[in-house]
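Novice: Give the three-dimensional model of this entry:
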Amino acid sequence: MSSDDSLVWLMKQVTQVARTVGQARRELDNVVKEFTDPITSIVTPSPRQQTLRPAALRPVVANPPPKINPPPIAKPQSESDPLVIAARNEGIDTKGKTREQIATELAIKLNSSTK
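Specialist: This is a model prediction of the structure:
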């Protein structure tokens, strides 16, 4: 085997390795894109996903569920909290209510008593 033959063989190997690395990079970029853009990956699955999923399991339309904000959680009120003291002085029950609820009720009561 001459040095020219080994050089040709080496160049073919380098070309094949470069082609394989390029294909792997494209596949990796596609996977990263699917994970960073979940809406697109659900609406338009990649060809690879289409071959892996039966037609019955493919999503037809991607409608994300509406975002529902949970109700505010009532925190235990401190006995020394001026808002709680003022509300109790006005006859407002503060048990199980948030500060915002207490403040709203107190404001309504004080505004109605001044008119």
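
Novice: Going by C-alpha atoms from here, please, whenever you check contacts or count neighbours.
Specialist: Noted.

Novice: Pull out the buried positions in stretch 106-115.
Specialist: By 16 or more other C-alpha atoms under 10 Å, the buried positions in stretch 106-115 come out as Leu106.

Novice: Name the residues that touch it?
Specialist: For stretch 106-115, contacts defined as C-alpha atoms under 8 Å, 6 or more residues apart in numbering pick out Ala86, Ala87, Glu90, Ile92.

Novice: can we see that at 10 Å?
Specialist: With contacts defined as C-alpha atoms under 10 Å, 6 or more residues apart in numbering, stretch 106-115 is touched by 83-84, 86-88, 90-92, 100-105.

Novice: filter the residues you listed to the buried ones?
Specialist: The neighbour count (16+ other C-alpha under 10 Å) marks Leu83, Val84, Ala87, Ile102, Ala103, Glu105 as buried among those.

Novice: which ones among these are found in strands?
Specialist: Per DSSP state E, strands hold no members of the buried ones among the contacts of stretch 106-115.
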